[in-house]
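Peer 1: I would like to see how this sequence folds:
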Amino acid sequence: MHRFLRTIGFSELRNKKQLDELIEEIINHPDTEKIAVDSDGCEIIEMIKLFHESFGIAVCGQYQENGQFSMDYYYPVFIGQEASTNEQIEVERHAGNESYAGICDEMRLGVTLIFYLQNVADYLNQKAVRESPFQNVTTVLSALAYNGKIILPIGKNEEQIRNTEKNRLNHNYLMAAARDGDEEAIESLTLEDIDLYSMISKRVEKEDIFSIVESYFMPYGIESDQYSIMGTILDVKETCNRVTEEKILIMKINSNDIIFDLCINEKDLIGMPEIGRRFKGNIWMQGKINFLD
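Peer 2: Numbers count the residues shown, from 1 in each chain. A predicted model of the protein is given here:
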């Protein structure tokens, strides 16, 4: 049983029989169905059934000679609404099945961003005509949260807000220069990290860490596409799974200047989400590459 099924409203799914019935319904009545040729030269079918306009379950597999569909794997999918990054994307296949990970060096994070690729069929069709890495593309990131809590924002005056924005732009400029091999930029970033560590070490003795750190985005656990994040809520709306009627919250999050949509089961969220407050939790990052024709 996929642990993130509860995120999209299937928290009461208890056994394999119920799961098999759900998968059979998806195979028999998908909302979308795409065909591509996988890395072994076999035809692969990608089906998605939505239980809300932005989330559902994807099933991938093949049709056998007798016309029966054989499922390779399934996963819950949450579709984001706007592009989060336009960095160069590389795509690598997972070892276990015909699923893929997208990889990009996102300078706003300072680490390599890895996400679970949603549009596998589109990627395989593009791969037939050009090789990864993909340039001049945008990627729509989206996150499924298994748990989370709401934290109050850090109080700032107008001058502090302006200084934060100025420092952010300067940091992004230095990151871009450092990535191109600029030694002065690398040295400036090193000194910046030393100063930041010194400042936090002093303040944390008398202040709560979340009054110092406004947001963070860092790997979580052993899965490469799962992260622990904290970010500001830019928008929030309540919806539900139209089959189970479980309440689902969809939030737009800004974490380390990466903006993406996030969904979470209302049962798994502690606190009242409002615009301006912060979300803290563990997420599974997915992404859809917008390939240019």
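Peer 1: all contacts plus neighbour counts: C-alpha atoms, from now on.
Peer 2: Noted.
Peer 1: Next SSE downstream of the host helix or strand of residue 92?
Peer 2: Using DSSP states H and E, residue 92 falls within strand 90-93. Later in the chain than strand 90-93, the nearest helix or strand by DSSP H and E is strand 100-106.
Peer 1: what does that following strand contact?
Peer 2: The contact list for strand 100-106 (Cα atoms under 8 Å, 6 or more residues apart in numbering) reads 85, 87-94, 111-117, 120, 225, 287.
Peer 1: what do you get if the cut-off is 7 Å, keeping everything else the same?
Peer 2: 87-94, 111-117 (Cα atoms under 7 Å, 6 or more residues apart in numbering).
Peer 1: helix or strand for residue 197, which one?
Peer 2: helix 183-203.
Peer 1: for the record, mean pLDDT for that helix?
Peer 2: When pLDDT is averaged over helix 183-203, the result is 80.
Peer 1: Give the buried residues for it.
Peer 2: 185, 186, 189 (16 or more other Cα atoms under 10 Å).
Peer 1: ok, residue 55 - contacts?
Peer 2: So residue 55 contacts 8, 77, 78, 79 (Cα under 7 Å, 6+ apart).
Peer 1: how close does it get to residue 253?
Peer 2: To residue 253, residue 55 is 17 Å away according to Cα to Cα, to the nearest Å.
Peer 1: Also residue 112?
Peer 2: 19 Å.
Peer 1: what bits of the stretch 1-150 of the chain have low per-residue confidence?
Peer 2: 1, 110, 131-133 (pLDDT under 70).
Peer 1: Would you map the strands across it?
Peer 2: 32-37, 43-52, 55-63, 69-78, 90-93, 100-106, 111-117, 138-151 (DSSP state E, counting those that start in this stretch).
Peer 1: among those strands, which is the most enclosed?
Peer 2: strand 138-151 (a mean of 23; mean count of other Cα atoms under 10 Å).
Peer 1: Residue 31 - how many residues pack around it?
Peer 2: 13 (other Cα atoms under 10 Å).
Peer 1: Apart from its neighbours in sequence, what residue is nearest it?
Peer 2: Closest residue to residue 31 apart from its sequence neighbours, by Cα to Cα, 6 or more residues apart in numbering: residue 49 at 4.9 Å.
Peer 1: That neighbour and residue 286, how far apart?
Peer 2: The gap separating residue 49 from residue 286 is 17 Å, by Cα to Cα.
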